[in-house]
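In: give me a 3D structure for the following:
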Amino acid sequence: MEIQYDLTEQDVVAFNLYHVKTSKVGKNSLQWQRYISPLIFLLFAYFLSVFTDMAKGPLFATFGVTAILRVIFYPKYFYFHITRQVGKMLRGDKNEGLVGEHSMKMNKTGIIDQTAVGETNVQWAGVKQLIEDTDYFYIYTSTVSAYIIPKRDVYSVEGLKSYIQQRMITEIG
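Out: Numbers count the residues shown, from 1 in each chain. Here you go, the predicted model:
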């Protein structure tokens, strides 16, 4: 089976957002930053009230509102920050071949992905899992990296899914 696809910066961002939203580490990081930081704000307000002559009411009101706003709005900032960071990394020097035209060949031994600057190979034993969302297939080769295949460039979405699943099952069995 052979697929020609064009991977854009937005496709790579979508993968990173998907991964952060669904991985245990990503979820824990978001929860930690979303809830623990506001608790630290409130502890800071408490210590200020104990060790200074500041009025407790306005102090706790200010820090309390800040804590509540952080809990409410932090996820949007978190995902925006990831999007921005991935964009910066992709514009860096060492990411040639990730974004752009890809030619992927799949056969009974594994996957070969060719770009203008090189080629990557993985045997089916190295494929950890196939994940599908509404717009992409992610063929994970480790816990943090995957081949990103946009469904817009796939002739038969069900055919590709079936082929990969069959190859993964054959490798296991």
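In: so the nearest residue to residue 2 once chain neighbours are set aside bridges to which residues?
Out: Among residues not flanking residue 2 along the chain, residue 105 sits closest, at 5.0 Å (Cβ to Cβ, 6 or more residues apart in numbering). Just so you know, the C-beta spots here come from the backbone N, C-alpha and C atoms, and that holds for glycine as well. When assigned by DSSP bridges, residue 105 has beta-bridge partners residue 2, residue 112.
In: kindly provide the distance from residue 105 to residue 111.
Out: Distance check for residue 105 against residue 111: by Cβ to Cβ, to the nearest Å, it reads 7 Å.
In: residue 60: what's it in contact with?
Out: Contact analysis of residue 60 by Cβ atoms under 8 Å, 6 or more residues apart in numbering lists 42, 45, 49.
In: would you mark the buried spots in the top helix by length along the chain?
Out: Ranked by residue count under DSSP state H, the longest helix found in the chain is helix 56-90. Within helix 56-90, the residues that count as buried by 16 or more other Cβ atoms under 10 Å are 59, 60, 63, 67, 70, 74, 78, 79, 82, 83, 86.
In: quick one: mean pLDDT over that helix.
Out: Average pLDDT, helix 56-90: 88.
In: how far off centre is it?
Out: Distance, stretch centre to chain centre, for helix 56-90: 19 Å (Cα atoms, centre = their mean, to the nearest Å).
In: so, low pLDDT: which residues of this structure?
Out: 93, 171-173 (pLDDT under 70).
In: which residues of it fall in helices?
Out: So, for the chain - with DSSP H - the helices run 9-22, 24-31, 37-51, 56-90, 157-172.
In: a markdown table for these, including distance to residue 151?
Out: Listed next are those as a markdown table, based on distance: least, Cβ to Cβ, whole Å:
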| stretch | distance to residue 151 |
| --- | --- |
| helix 9-22 | 11 |
| helix 24-31 | 23 |
| helix 37-51 | 37 |
| helix 56-90 | 20 |
| helix 157-172 | 5 |
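In: so which of the ones you listed comes closest to residue 150?
Out: Each of the helices of the chain has some distance to residue 150 by Cβ to Cβ; the shortest is helix 9-22, at 5.5 Å.
In: CA atoms of that closest one as PDB?
Out: Only the C-alpha atoms of helix 9-22 are listed here, as PDB (Å, rounded to 0.1, in the frame of the first residue of the first chain):
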ATOM      1  CA  GLU A   9       2.400  22.800  10.400                       C
ATOM      2  CA  GLN A  10      -1.300  22.600  11.500                       C
ATOM      3  CA  ASP A  11      -1.200  18.800  11.200                       C
ATOM      4  CA  VAL A  12       1.800  18.600  13.500                       C
ATOM      5  CA  VAL A  13       0.100  21.000  16.000                       C
ATOM      6  CA  ALA A  14      -3.100  18.900  15.900                       C
ATOM      7  CA  PHE A  15      -1.000  15.800  16.800                       C
ATOM      8  CA  ASN A  16       0.700  17.500  19.700                       C
ATOM      9  CA  LEU A  17      -2.600  18.900  21.000                       C
ATOM     10  CA  TYR A  18      -4.200  15.500  20.600                       C
ATOM     11  CA  HIS A  19      -1.300  13.800  22.400                       C
ATOM     12  CA  VAL A  20      -1.300  16.300  25.300                       C
ATOM     13  CA  LYS A  21      -5.100  16.100  25.700                       C
ATOM     14  CA  THR A  22      -5.100  12.300  25.800                       C
END
